[in-house]
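Engineer: coordinates only, sequence not included:
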């Protein structure tokens, strides 16, 4: 069952859910909290590499690190996402969840109607998460989109688990994105058994 605004505010007041900086009144919804965009992005550079081989995961991280570069945008400037482009961004807010609550990340409808996808598939924020949230931006529209630091970019809702998980994210062995600060490239090379 999703938490209402009353439940969310109570969980924040008790320190169960951590959101830093604290959400403003404008960011609070009936059952979610809007998160804002930070100024850090990662983009793919054009490359001489013809492909990334996903089956040989040991090389994917090294490859994606070579293919991507960091971009920092000044607060009063914009990052331009062109049609058909993928870029990584990150929320300004750092989120901390207990082992009893899972978060669900959704794009904002007003932005989706202009072609902006905020997450391609990664919309679950695991119980025990602590860090900023990487956003996978894709422009499926026809016009370049200006993404500005500080803009409300996505919504995070919360769901109470029926019992505490025995595997909170930051305590899991091999948690690839634990304590994440800034947008991180794929770490699929850290998957076990491949």
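Structural biologist: Sure, I can see it. Since the structure is predicted, the reported quantities are computational estimates derived from the model, not experimental observations. Numbers count the residues shown, from 1 in each chain.

Engineer: Checking residue 71 next. Helix, strand or coil?
Structural biologist: Secondary structure state of residue 71, per DSSP: H, G, I helix; E, B strand; the rest coil, is strand.

Engineer: Give the burial count for it, as a bare number.
Structural biologist: Using other CB atoms under 10 Å, residue 71 has 15 other residues around it. C-beta here means a position set from N, CA and C on the backbone, and glycine is covered the same way.

Engineer: who's in contact with it?
Structural biologist: 40-43, 79 (CB atoms under 8 Å, 6 or more residues apart in numbering).

Engineer: who touches residue 76 in this structure?
Structural biologist: By CB under 8 Å, 6+ apart, residue 76 has no neighbours at all.

Engineer: In terms of pLDDT, where does it sit?
Structural biologist: We have a pLDDT of 90 for residue 76.

Engineer: With residue 148 as the reference, measure out to it.
Structural biologist: From residue 76 over to residue 148 the distance is 8 Å, taken as CB to CB, to the nearest Å.

Engineer: Between the contacts of residue 71, identify the one with the most neighbours.
Structural biologist: Counting by other CB under 10 Å, top hit in the contacts of residue 71: residue 41 with 24 neighbours.

Engineer: Closest one of the contacts of residue 71 to residue 108?
Structural biologist: residue 79 (16.6 Å; CB to CB).

Engineer: if we can go back for a sec, so of the contacts of residue 71, which ones are in helices?
Structural biologist: If you go by DSSP state H, the contacts of residue 71 have nothing in helices.

Engineer: okay, those in CSV with pLDDT and distance to residue 169 next?
Structural biologist: Listed next are the contacts of residue 71 as CSV, based on pLDDT from 0 to 100; distance: CB to CB, whole Å:
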residue, pLDDT, distance to residue 169
40, 96, 21
41, 96, 24
42, 94, 21
43, 93, 27
79, 98, 28
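
Engineer: Including distance to residue 18, could those residues go into a markdown table?
Structural biologist: Shown next, in a markdown table, are the contacts of residue 71 (distance: CB to CB, whole Å):
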| residue | distance to residue 18 |
| --- | --- |
| 40 | 20 |
| 41 | 24 |
| 42 | 25 |
| 43 | 29 |
| 79 | 27 |
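
Engineer: and residue 11, how many residues sit next to it?
Structural biologist: Residue 11, neighbours per other CB under 10 Å, totals 20.

Engineer: quick one, helices of this protein?
Structural biologist: Here the chain has its helices, by DSSP H, at 5-13, 60-67, 109-112.
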